[in-house]
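Asks: predicted model and sequence below, questions to follow.
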Amino acid sequence: MDSAVERLRPVLLFGGTTEGRELAARLAGRGQRTILCVATDYGREVLEPELLANPCLDVRIGRMDAEEMRRLILEEEPELVVDATHPYADQVTRNVREACEKTGRECLRCLRPRSGEESSGDMGLRSGAESSEGGVVRVPTVQAAVEWLAVRDGNILVTTGSKELAAFSQLPDFATRVYARVLPTLPSLSACLGQGLSGRHIIAMQGPFSEETNRSQLAEFNCRFLVTKDTGDNGGFREKVRAAGEAGAVALVIDRPETERGLSAAQGLSAGQVMERYEQWRRRQHV
């Protein structure tokens, strides 16, 4: 690494999300020393080769608890800490906040917008309603989604990732009703196999997906339900809900954790707003 870069206090960035990758590219491209923390090897693999080759970027791999984050902050002494983790990674967000509070560092939360109830109307669907021709139903948690599905018949396309499969395995006829769309990684495949899924019931693909892809998978597996998180436009949420409507399926939406729903517009920033705050900090530092 160039000595001038080494002398810069880093920006500590948590997040293997689309927003995290965008911020890492913009910061490193600006010549800013950036430490990007991702949970898994896959979080590094999806980075663009040009970004990985940038000497300003330092990728750290591995899950950390609040104490490990605190020690990292004390070791690296970042001027800015940015939490760009997934909207549903609420435990990670709590850990980042705790580490920043204990070290006296400001934490900027980069948060993709929630879809909002108005999005369902824009897509010609009725939020909170279920009919023979589909609809949108919101539930607060994964367990609530499982309980809602348990009293209904029909195949299910689960697009919430491999971590929640243990909860969905409680469903009657889980191995024959559920089609799980997960990341194409060994841990994800192992989780599917470990819960009893096999063959066509495992769809290992990297998203986000087009409306056409979602619709074709719903039709291919004769799914009456599509389970999704409210991942916003960057997470392909709109395409999933539209596809469900076109296929006559119910879009069962697991709402965001309370830690994220309570954020005001000033607390939850877009990637562009994070960069604006960064530029303000740079001007103050006369760099």
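Replies: Ah, there it is. Numbers count the residues shown, from 1 in each chain.
Asks: who are the packing partners of the strand or helix carrying residue 283?
Replies: Taking DSSP states H and E as the criterion, residue 283 maps to helix 271-285. Helix 271-285 sits against helix 18-29, strand 80-83, strand 107-110, with contacts defined as 3 or more CB pairs under 8 Å, 6 or more residues apart in numbering; DSSP states H and E. C-beta coordinates here come from the backbone N, C-alpha and C atoms, glycine included.
Asks: TSV for these, including mean neighbour count?
Replies: Output for those, formatted as TSV (neighbours: other CB atoms under 10 Å):
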stretch	mean neighbour count
helix 18-29	22
strand 80-83	25
strand 107-110	21
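Asks: strands of the stretch 101-250 of the chain, start to end?
Replies: Here the stretch 101-250 of the chain has its strands, by DSSP state E, counting those that start in this stretch, at 107-110, 135-139, 155-158, 178-182, 202-204, 223-229, 250-254.
Asks: circling back: mean pLDDT for the helices and strands packed on helix 271-285 - can I get that in CSV?
Replies: What follows is the helices and strands packed on helix 271-285, written out as CSV (pLDDT from 0 to 100):
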stretch, mean pLDDT
helix 18-29, 94
strand 80-83, 95
strand 107-110, 93
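Asks: okay, those in CSV with distance to residue 12 next?
Replies: CSV is the format used below for those (distance: least, CB to CB, whole Å):
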stretch, distance to residue 12
helix 18-29, 11
strand 80-83, 5
strand 107-110, 9
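Asks: what's the closest of these to residue 163?
Replies: helix 18-29 (18.2 Å; CB to CB).
Asks: list the buried ones in stretch 140-152?
Replies: For stretch 140-152, burial by neighbour count (16 or more other CB atoms under 10 Å) applies to 142, 145-146, 148-149.
Asks: stretch 101-117 too?
Replies: 103, 105, 107-112, 114-115.
Asks: check stretch 274-287 too.
Replies: Of all the residues in stretch 274-287, those buried under the rule 16+ other CB under 10 Å are 274-275, 278.
Asks: again, but for stretch 45-55
Replies: Residues of stretch 45-55 classed as buried: 47, 51, 54 (neighbour count, 16+ other CB under 10 Å).
Asks: quick one: pLDDT of residue 233?
Replies: pLDDT, residue 233: 79.
Asks: pull the number of nearby residues for the closest residue to residue 231 other than its chain neighbours.
Replies: In space, and not counting its chain neighbours, residue 231 is closest to residue 237: 4.8 Å by CB to CB, 6 or more residues apart in numbering. Residues near residue 237, counting by other CB atoms under 10 Å, number 22.
Asks: how much space between residue 237 and residue 186?
Replies: 27 Å (CB to CB, to the nearest Å).
Asks: how about residue 98?
Replies: 31 Å.
Asks: which of those two has more residues huddled nearby?
Replies: For residue 98 versus residue 186, neighbours defined as other CB under 10 Å are more numerous around residue 98 (16 against 11).
Asks: hmm, back to that, so which of the buried residues of stretch 101-117 is the closest to residue 10?
Replies: Closest to residue 10 out of the buried residues of stretch 101-117 is residue 105 (11.8 Å), distances taken as CB to CB.
Asks: report pLDDT for that closest one.
Replies: In this model, residue 105 carries a pLDDT of 92.
Asks: ok, now which ones touch the residue found closest to it once you drop the neighbours it is linked to in the chain?
Replies: Distances taken as CB to CB, 6+ apart place residue 81 nearest to residue 105, at 5.1 Å, with adjacent residues excluded. Applying CB atoms under 8 Å, 6 or more residues apart in numbering to residue 81 gives the contacts 11-14, 73, 96, 99-100, 105-108.
Asks: again with residue 210
Replies: residue 239.
Asks: off-centre distance for whichever helix or strand residue 95 is part of?
Replies: Using DSSP H and E, residue 95 maps to helix 90-103. Taking CA atoms, centre = their mean, to the nearest Å, one finds the center of helix 90-103 at 17 Å from the center of the full chain.
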